[in-house]
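# Next one to model:
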Amino acid sequence: MASTTRVRERAEEQTTSMSEDQQTTIRMLANDLHRLNQSVMKAVEAGVSVELVRSARHHGGDGNWGDLLIPVVVTNRH
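Numbers count the residues shown, from 1 in each chain. As a prediction, the model looks like this:
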């Protein structure tokens, strides 16, 4: 749960100079990342290793960009 708090705190710190729409979008992203982190932890507990890898970079056309991710999943076969 500590990583969840850090994600939210960091997102809040970074939104102080943003518009309301930008702040709302970043809060949504932080919530989605929280859910993603929970899913990764559940997958690890279920016996697989998960690595998130950048698959592409989305460019917004005005200098803004974001990394798009895919999971690489490895199962331990005994």
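# Now the host helix or strand of Q22: buried residues?
Taking DSSP states H and E as the definition, Q22 sits inside helix 20-45. For helix 20-45, burial by neighbour count (16 or more other CB atoms under 10 Å) applies to Q23, I26, A30, H34, V40. The C-beta positions use only the backbone N, C-alpha and C, and glycine is treated the same way.
# Of all residues in the protein, which one is nearest the centre?
L33 (3.5 Å; CA atoms, centre = their mean).
# Apart from its chain neighbours, what residue comes closest to that residue?
Spatial nearest neighbour of L33, excluding adjacent residues (CB to CB, 6 or more residues apart in numbering): V7 at 5.5 Å.
# tell me the SS of M18?
coil (DSSP: H, G, I helix; E, B strand; the rest coil).
# quick one: contacts for the nearest residue to it once chain neighbours are set aside?
Using CB to CB, 6+ apart and skipping residues adjacent in sequence, the residue nearest M18 is I26, 6.9 Å away. When contacts are counted by CB atoms under 8 Å, 6 or more residues apart in numbering, I26 touches A11, Q14, T15, M18.
# repeat for H59
Residues near H59 by CB under 8 Å, 6+ apart: W65.
# What residues are recorded as beta-bridge partners of it?
W65 (DSSP bridges).
# Below-threshold pLDDT in the chain: ranges please.
Within the chain, the set of residues satisfying pLDDT under 70 comprises 1-4, 8, 77-78.
# burial measure for the residue nearest to L33, as a count.
By the measure other CB atoms under 10 Å, the count of residues near V7 is 17.
# Check E51 too.
11.
# That one reaches V72, doesn't it?
Yes - counting by CB atoms under 8 Å, V72 is a contact partner of E51 at 4.5 Å.
# Any quick PyMOL command for the buried ones out of the contacts of I26?
This is how PyMOL selects the buried members of those, with burial counted by 16+ other CB under 10 Å:
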select buried, resi 11+15
